[in-house]
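In: Below are the sequence and a predicted model for it; my questions follow.
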Amino acid sequence: MDDVKNVLWKVVNNEAPLVEDDIKLYHIKEGILTDDDFKKWREAVRLLREAYYNSYKNKREAIEKVKQSLDLINSINPKKPMPPEMKIRFEDLKKNLELILKTNK
């Protein structure tokens, strides 16, 4: 259970804000992402925050929210290829969420 909390803390406090900055920058300036993609991202972050807080009370519920969040993140389809630095941060975030799901089946 500590692993879930630790990974979620890392995602919510470190990785998600960096990816969000990238998404805002490239959504607004470059038009890589649509408004729908941005809404999906915001919902995914909300679910991740809930998952982090739930990880202290109910591990199963937290893992279910991680799964829902990952599904939303996977449904984000950029109109153009992501810049390399954005793609790296985005993929790292997804890998950490997948790690939570793999280790807590």
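Out: Looks like it arrived, so ask away. It should be emphasised that the depicted structure is a prediction, and the values quoted were computed from it without experimental measurement.

In: Can you tell me what sits against the helix or strand bottoming out on mean pLDDT in the chain?
Out: Every helix and strand in the chain was compared by mean pLDDT, DSSP states H and E; the lowest is helix 2-10, with a mean of 86. If you take CB atoms under 8 Å, 6 or more residues apart in numbering as the criterion, helix 2-10 is touched by 48, 51-52, 55-56, 59, 62-63, 66, 96, 99-100, 103-104. For glycine as for every other residue, the C-beta is placed from the backbone atoms N, C-alpha and C.

In: list the contacts for Ser55?
Out: Met1, Val4, Lys5, Leu8, Ala62 are the contacts of Ser55 under CB under 8 Å, 6+ apart.

In: Can you tell me how far Asp21 is from Glu15?
Out: 11 Å (CB to CB, to the nearest Å).

In: Who has more neighbours out of the two?
Out: Using other CB atoms under 10 Å as the criterion, Asp21 and Glu15 rank with Glu15 on top: 20 against 12.
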